[in-house]
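Asker: sequence and predicted structure, then a few things I'm wondering about:
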Amino acid sequence: MKSGDTLGRIAAAHGIANWKDLLAKNPGLGAGHLITPGQVINT
């Protein structure tokens, strides 16, 4: 994660069509409303 990243952009960069699929792979994100720079997300 870097400043300005969104789940949608991260998902698209990794060939994931829907950001909600990315969120499902990362239950520790909760509702996904807050992601922070340096945070590690499983793709």
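Answerer: The structure has been received and is ready for your questions.

Asker: element containing residue 21?
Answerer: helix 19-24 (DSSP states H and E).

Asker: mind listing residues that contact that helix?
Answerer: Residues outside helix 19-24 that contact it (C-beta atoms under 8 Å, 6 or more residues apart in numbering): 6-8, 10-11, 14, 16, 29, 32, 41, 43. All C-beta spots, glycine's among them, are computed from the backbone N, C-alpha and C.

Asker: and it, average pLDDT?
Answerer: Regarding helix 19-24, the rounded mean pLDDT is 91.

Asker: buried stuff in that helix?
Answerer: 19, 22-23 (16 or more other C-beta atoms under 10 Å).

Asker: with stretch 13-32 instead?
Answerer: Those would be 16, 19, 22-23, 26, 29, for stretch 13-32 by 16+ other C-beta under 10 Å.

Asker: starting at the chain centroid, how far to it?
Answerer: 5 Å (C-alpha atoms, centre = their mean, to the nearest Å).

Asker: likewise for stretch 25-43?
Answerer: In terms of C-alpha atoms, centre = their mean, the centre of stretch 25-43 is found 5 Å from the chain centre.

Asker: give me the residue at the spatial middle of the chain.
Answerer: The centre of the chain sits closest to residue 7, judged by C-alpha atoms, centre = their mean, with a distance of 3.5 Å.

Asker: contacts only, for that one.
Answerer: 19, 22-23, 29, 32, 35, 41.

Asker: gap between the residue nearest to it when sequence neighbours are not counted and residue 42?
Answerer: Nearest non-adjacent residue to residue 7, counting by C-beta to C-beta, 6 or more residues apart in numbering: residue 19, 4.1 Å away. The gap separating residue 19 from residue 42 is 14 Å, by C-beta to C-beta, to the nearest Å.

Asker: of the buried residues of helix 19-24, closest to residue 1?
Answerer: residue 22 (12.1 Å; C-beta to C-beta).

Asker: all helices for this protein, in order.
Answerer: Here the chain has its helices, by DSSP state H, at 7-13, 19-24.
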